[in-house]
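Asks: just to be clear, the model below is a prediction. Sequence and coordinates:
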Amino acid sequence: MDPSSFALMPERDVRALLDDPSVSLRVLRPPYAALGVGALRVLRVRQRGSETEIVAGYERYERLSP
């Protein structure tokens, strides 16, 4: 399957399709304190040696008060 076909899919669905025990997950976040809201969506999937890396982000973020 082409990695670009996973773009914006829910992360849990992509993990199920990949069925790979050596998957690492990196969640992008804003440069301020915030909570992720909504589904965690895949932004990029790439192979790094024997490991598959998923980069994901939430649909939106709510800033936390200081």
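Replies: Perfect, I can see it now.

Asks: list the buried ones in stretch 44-64?
Replies: Using 16 or more other Cβ atoms under 10 Å as the burial criterion, the residues of stretch 44-64 that qualify are 45, 52, 54, 56-58, 61. Every residue, glycine included, has its C-beta placed from N, CA and C.

Asks: my bad, stretch 15-23
Replies: So for stretch 15-23, counting by 16+ other Cβ under 10 Å, buried means residue 18.

Asks: what about the nearest residue to residue 25 once chain neighbours are set aside, distance to residue 61?
Replies: Spatial nearest neighbour of residue 25, chain neighbours left out: residue 54 (5.1 Å); criterion: Cβ to Cβ, 6 or more residues apart in numbering. Residue 54 sits 19 Å away from residue 61 when distances are taken as Cβ to Cβ, to the nearest Å.

Asks: equivalent analysis for residue 34, please.
Replies: 4 Å.

Asks: contact partners of the longest strand along the chain?
Replies: With secondary structure taken from DSSP state E, the chain has its longest strand at strand 34-48. Identification of contacts with strand 34-48 by Cβ atoms under 8 Å, 6 or more residues apart in numbering yields 3, 6-12, 14, 18, 24, 27-29, 52-64.
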